[in-house]
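S.K.: any chance you could fold what I've pasted below:
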Amino acid sequence: MNSPATTRLSHANAQIRIAELSAEIRTHDMRYYQQDAPTISDADYDTLRRELEQLETQFPDLVTPDSPTQKVGAQASEAFKKYRHGAPMLSLANAFAREDITDFLARIRRFLELDADDEVIVTAEPKIDGLSFNARYEHGKLVAAATRGDGEVGENITKNIKTIAGFPKQLKPNAALPSVLEVRGEVYMPKSDFLALNEVRKAADEPLFSNPRNAAAGALRQLDPAITASRKLSYFVYGWGETSQQFAASQHGAMQQFAAAGFITNPRLQQCNSVDAIMDYYDALQRERAALDYDIDGVVYKVDRLDYQQRLGFVARAPRWAIAHKFPAEQAITTLTAIDIQVGRTGALTPVARLAPINVGGVMVSNATLHNEDEIQRKDVRVGDQVVVQRAGDVIPQIVEVKAHAAYGTPYVFPTECPVCGAPAVREEGEAVRRCTGGLTCAAQAVERLKHFVSRNALDIEGLGAKQIEAFYEEGLLRSPVDIFTLEARDAENLSKLKFREGWGEKSAQNLFAAIQQAREVPLPRLIYALGIRHVGEENAKLFARHYGDFAALNAALTAAANDAQSYAAARAELLAIDGIGEKVADALLQFFSQAHHRALLQQLGEQLTVQPYQALAPSSSAVAGKTVVFTGTLPTLGRNEAKAQAEALGAKVASSVSKKTDYVVAGEEAGSKLKQAQALAVAVLDEAQWLALIGKNIA
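M.R.: Numbers count the residues shown, from 1 in each chain. Next comes the predicted model:
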């Protein structure tokens, strides 16, 4: 893996590397969240994301709305009723070393503009390797519980969570907690109970669970609560979401109130007032890790003062006031038996190591990621080698290094032709990935694009899973997305109907056809995302949908771009004028529409689908919702970052430069050229006091 973020890159090279990292991370997100087929370890994924975060910090102008750093979570399963959380359940930024903790505390001080003698206390607690939940209480009574899901919507597991011993269905009468309260925590299976469960399953000749987390997740997400009740699950509460009122002054105090109300909190929760104290806690917990009766994969630190937490707020996917300090990954040595090449929907050739099975941290491992040809060459990985394998979590691990070359081993030669269709596999300048040029004529790409088209964040067609897509493609039933919507009509004419397939019945076929019918009405952003255009993720799809408004306008504008060079240039200029869209994304969209078979596909889809025009979210009641705001100069009480975060939280769009589209310029001391631009353009200029009055805020 290349890691240029450790050295200062030029702006142009940083843009290339950010695009490369973003594409790779999106691919891994899709494999993990949508396909349940990850090809990268937690530790290696964290390394990719960390490098991207470092580069985006160095070059903030290169951050785009669809960056992986702006997203969190995975879609809820359709097997359960969906539950919308009162407040989002976000993930945490990661730390791996003492320097990261030092930086975390320094960022907090800078953001809050604290003096050197202002103490910052954090709470530290074990990071449980389990399944996150959100439980809602109203007037002390448990009314709903859900998994995290995608952070906004989870799976309703109320009946199941009630079966966990010690989980309060009714809070103690003297609990001094709000009338509306979302309590958050982690469900886990104790190690001792996990081992006992596997012994029972082994005796019954049933498949064994690979680790306690999988066993806990499987138990909590049972459709039959009786099965959940038969498994010995436990939990810890670690925080809260929506509340009807503030009920504590500190994180530590809130946890004490939860314990008094009847919740189980972790007894190892501790307050720390320095980096040294934090590291002492971390080192001690790491030494205790093996003796604990529950799995942990690190430590979580949270700013203790809740007024500080409120001021610090959130970035797109995580709170600024908390961080997860990961433990090192576990390792083992085994033999590399083969290197296979997998072809993704964008044609990316990804090498996967096949290993002699080895137990790494209690999980049998037989596959590992090799990333790309540069990584293979850098580590000189050869078939037959003894390799060090590392894993963190329960996903496919990575090869850390070669321990010993095989006597017969020869350097691996990366293919220059697609192993599936034989088309040339090329590597564009600045890219780490080699790609098949076969397009939709390549069976691997066609299958992967079909999987993407029906995935949860796209058209979300239940009943068309990965295996079903592969089988239908193999049999010639599906070749393109349009075939999905003609499947029922073709099946009616076919004597070998779906209901007669092995493992199917009339009910299965009817359910599939009903799901396809339901998918015929699709929001425009989902359709754009479903097309699988390179570099166009969910957020970029929303930007395009917002700009063009409806499918007809988008299709007409981009189809016209294929007519001649002048039309192409005009369309490209229009795309680049969309805030958040860069050259690589614009070019990818135009390239997609420049191909005749893609334009034909869109025309056919237009005949089969009802594409809903873009619907903006209901506007905030804030006075600045939808307004464009520029901050300049030094504000008397607000830090620049805090002011921007405050504005964005109220629905405003924060810009870095002044234009005719700017609604307000908030000017402090030494405002400079931006203030002059605002005056020249007759843009409203506010000082900090006027800004706070406008948004109804006061800073004491």
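S.K.: every contact and neighbour count from this point should use C-alpha atoms.
M.R.: OK.
S.K.: and the biggest strand by length in the chain, how far from the chain's centre?
M.R.: Ranked by residue count under DSSP state E, the longest strand found in the chain is strand 330-343. With Cα atoms, centre = their mean, to the nearest Å as the basis, strand 330-343 stands 26 Å off its chain's centre.
S.K.: strand partners (parallel or antiparallel) of it?
M.R.: Within its sheet, strand 330-343 is paired with strand 349-360 (antiparallel), strand 386-391 (antiparallel), according to DSSP bridges.
S.K.: deepest of these, which one?
M.R.: strand 386-391 (a mean of 23; mean count of other Cα atoms under 10 Å).
S.K.: would you mind writing the CA trace of it as CSV?
M.R.: Extracted as CSV, the C-alpha positions of strand 386-391 are listed here (Å, rounded to 0.1, in the frame of the first residue of the first chain):
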residue,chain,number,x,y,z
GLN,A,386,5.6,-18.3,4.6
VAL,A,387,3.7,-15.1,5.3
VAL,A,388,2.7,-13.1,8.4
VAL,A,389,-1.0,-12.7,8.5
GLN,A,390,-2.7,-9.9,10.6
ARG,A,391,-6.3,-9.4,11.5
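S.K.: centre of the chain to it, how far?
M.R.: 26 Å.
S.K.: C-terminal to the helix or strand bottoming out on mean pLDDT in the chain, what's the next element?
M.R.: In the chain, no helix or strand scores lower on mean pLDDT, DSSP states H and E than strand 653-655, which sits at a mean of 74. Heading C-terminal from strand 653-655, the first helix or strand you meet, by DSSP states H and E, is strand 664-667.
S.K.: helix or strand next in line after that next one, which one?
M.R.: helix 673-680.
S.K.: buried residues, the one helix or strand Asn555 maps to. List them.
M.R.: If you go by DSSP H and E, Asn555 is part of helix 551-560. Judged by neighbour count (16 or more other Cα atoms under 10 Å), helix 551-560 contains these buried residues: Phe551, Leu554, Asn555, Ala557, Leu558, Thr559, Ala560.
S.K.: pick out the most distant pair among these.
M.R.: Phe551 and Ala560 (13.9 Å; Cα to Cα).
S.K.: for Thr416, grab the count of nearby residues.
M.R.: For Thr416, the count of nearby residues is 16 (other Cα atoms under 10 Å).
S.K.: pretty sure it is touching Val433, no?
M.R.: No. Using Cα atoms under 8 Å, Thr416 makes no contact with Val433, being 11.6 Å away.
S.K.: report the distance from the biggest helix by length in the chain to the chain centre.
M.R.: Assignment by DSSP state H gives helix 11-29 as the longest helix of the chain. Here the centre of mass of C-alpha atoms in helix 11-29, compared against the chain's by Cα atoms, centre = their mean, lies 15 Å away.
S.K.: contacts only, for Lys326.
M.R.: Lys326 makes contact with Asn94, Ala95, Phe96, Asp297, Gly298, Val299, according to Cα atoms under 8 Å, 6 or more residues apart in numbering.
S.K.: would you turn these into TSV with secondary structure, distance to Ala443 and pLDDT?
M.R.: Shown next, in TSV, are these (DSSP: H, G, I helix; E, B strand; the rest coil; distance: Cα to Cα, whole Å; pLDDT from 0 to 100):
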residue	secondary structure	distance to Ala443	pLDDT
Asn94	strand	38	91
Ala95	strand	41	93
Phe96	coil	41	89
Asp297	strand	40	86
Gly298	strand	42	91
Val299	strand	45	97
